[in-house]
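Student: Can you look at this prediction? I've put the sequence above it.
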Amino acid sequence: MTLVLVMMAFFAVLALDIAVPAMVLSAMALLRWTVCYWPSPRLYEERAA
């Protein structure tokens with residue numbers, strides 16, 4: 001029974017070890033995309049002129 005609990009804990013941590021970096025990388029990619037493609041104020045000034 002103890003071996004089963006150890007294995008369950010190991011695989012639960014292994015899943016987190018994959019999921020957490022994936023979430024962090026996704027957030028970094030979203031932030032980079034937002035910064036790169038955010039409309040600049042100059043764009044609106046050029047349209048108004």
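Tutor: Nice, thanks for sending it over. For clarity, every value in this text was computed on a predicted model and none was experimentally measured. Numbering: from 1, shown residues only.

Student: Against Pro39, how distant is Val20?
Tutor: 32 Å (C-beta to C-beta, to the nearest Å). C-beta coordinates here come from the backbone N, C-alpha and C atoms, glycine included.

Student: Between those two, which has more neighbouring residues?
Tutor: Between Val20 and Pro39, Val20 has the larger neighbour count (other C-beta atoms under 10 Å), namely 10 against 7.

Student: Model confidence for that one, exactly?
Tutor: We have a pLDDT of 92 for Val20.

Student: which SSE is it in?
Tutor: If you go by DSSP states H and E, Val20 is part of helix 2-37.

Student: any idea how far that helix is from the chain center?
Tutor: 9 Å (C-alpha atoms, centre = their mean, to the nearest Å).

Student: Repeat that for stretch 22-42.
Tutor: 10 Å.

Student: What of stretch 30-46?
Tutor: The mean C-alpha position of stretch 30-46 is separated from the chain mean by 20 Å, C-alpha atoms, centre = their mean.

Student: Could you list the low-pLDDT ranges of this protein?
Tutor: Along the chain, segments meeting pLDDT under 70 span 43-49.

Student: Mind exporting the C-alpha coordinates of stretch 18-38 to CSV?
Tutor: Extracted as CSV, the C-alpha positions of stretch 18-38 are listed here (Å, rounded to 0.1, in the frame of the first residue of the first chain):
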residue,chain,number,x,y,z
ILE,A,18,5.0,19.4,-16.8
ALA,A,19,1.9,21.6,-16.3
VAL,A,20,3.5,24.4,-14.4
PRO,A,21,6.3,25.3,-16.9
ALA,A,22,3.8,24.9,-19.7
MET,A,23,1.5,27.5,-18.0
VAL,A,24,4.5,29.8,-17.4
LEU,A,25,5.7,29.6,-21.0
SER,A,26,2.1,30.2,-22.3
ALA,A,27,1.8,33.3,-20.1
MET,A,28,5.2,34.5,-21.4
ALA,A,29,4.1,34.0,-25.0
LEU,A,30,0.8,35.7,-24.5
LEU,A,31,2.6,38.7,-22.8
ARG,A,32,5.1,38.9,-25.6
TRP,A,33,2.4,38.8,-28.2
THR,A,34,0.4,41.5,-26.4
VAL,A,35,3.4,43.8,-26.2
CYS,A,36,4.5,43.2,-29.8
TYR,A,37,1.0,43.7,-31.4
TRP,A,38,-0.5,46.3,-29.0
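
Student: Kind regards, and thank you for your time.
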